[in-house]
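Participant: starting from these lines, generate the structure:
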Amino acid sequence: MDRDMILIIAAVAAVVAVVIGYSIYRSIKRKNADKLSMKIAEDDKLHITLDNKADMEEVAKIILEGLGGSENVQSVDHDGARLKVQINEYGAVDEKKIRSAKVGGVLRPSKTAVHIIIGSEVEPVETELKKLIDPVA
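Facilitator: Numbering: from 1, shown residues only. Model (predicted):
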C-alpha cells in the first residue's frame with residue numbers, strides 16, 4: 001500500500017470515529033434529558049389569571065378565608081406583585097383555598113408569613129383585604 005492510500009483510510013476512520021462518538025454523545029444526552037425533565041400536570045401548573053376585571057372584594061374575601069380569618073392576620077402589606085401577610089397560626093392557613101382566588105401562587109417563607117403572588121392588581125386586593133380585616137379603618 002502506498003502512503004496516500006494509508007492517509008485516506010486513516011482520514012475515513014477518523015471521520016467514522018467522530019460520527020459514532022457524536023451519535024453516542026447525543027444518545028446519552030437525550031436519555032439524561034428524559035431523566036431530568038419535569039413534567040407538571042396541568043392541574044398543578046400555576047396560572048395567573050387575576051386581572052383588573054376581577055372583583056377585588058371577592059378575591060380578598062377568599063384570601064382572608066384561606067388565611068384563617070381576620071383573627072389569624074397580624075398585618076398585610078405588599079411588595080411588588082406579592083401580598084405579604086403576617087399570621088398568628090401556621091396551621092390555620094388553607095393554601096388551596098387561597099389559590100382558588102386565581103392568584104399566581106402561595107409561598108410560606110416562615111411559620112408566621114404568607115406571601116401571595118397576585119400581580120399588577122396587588123394594591124386593590126391589599127386595600128380590600130385591609131377593609132375586611134379592620135372595617136373601621
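Participant: residue ranges with poor pLDDT in this protein?
Facilitator: 1, 32-54, 136-137 (pLDDT under 70).
Participant: and Asp77, what does it touch?
Facilitator: Counting by C-beta atoms under 8 Å, 6 or more residues apart in numbering, Asp77 makes contact with 83-85, 126. Using the backbone N, CA and C atoms, a C-beta is placed for each residue, glycine as well.
Participant: okay, and which of the residues you listed map to strands?
Facilitator: If you go by DSSP state E, those have 83-85 in strands.
Participant: which of the residues you listed sits closest to Val73?
Facilitator: When the ones in strands among the contacts of Asp77 are compared for distance to Val73 (C-beta to C-beta), Val85 wins out at 6.0 Å.
Participant: with adjacent residues omitted, what lies nearest to that closest one?
Facilitator: Once flanking residues are discounted, Val85 sits nearest to Val114: 4.7 Å by C-beta to C-beta, 6 or more residues apart in numbering.
Participant: also Glu65?
Facilitator: Per C-beta to C-beta, 6+ apart, closest to Glu65 is Lys97, 5.8 Å.
Participant: hang on, isn't the one you found packed against Leu64?
Facilitator: No. Counting by C-beta atoms under 8 Å, Leu64 is not a contact partner of Lys97; they are 9.7 Å apart.
Participant: compare the two (neighbour count), which wins?
Facilitator: Leu64 (22 against 16; other C-beta atoms under 10 Å).
Participant: surely that one forms part of a helix?
Facilitator: Yes. Secondary structure of Leu64 (DSSP: H, G, I helix; E, B strand; the rest coil): part of a helix.
Participant: and what about the residue nearest to Glu65, helix, strand or coil?
Facilitator: helix.
Participant: let me see the contact set for it.
Facilitator: 62, 65-66.
Participant: so how far is Leu64 from the residue nearest to Val85?
Facilitator: 11 Å (C-beta to C-beta, to the nearest Å).
Participant: Gly91 now?
Facilitator: From Gly91 over to Leu64 (counting by C-beta to C-beta), the distance is 17 Å.
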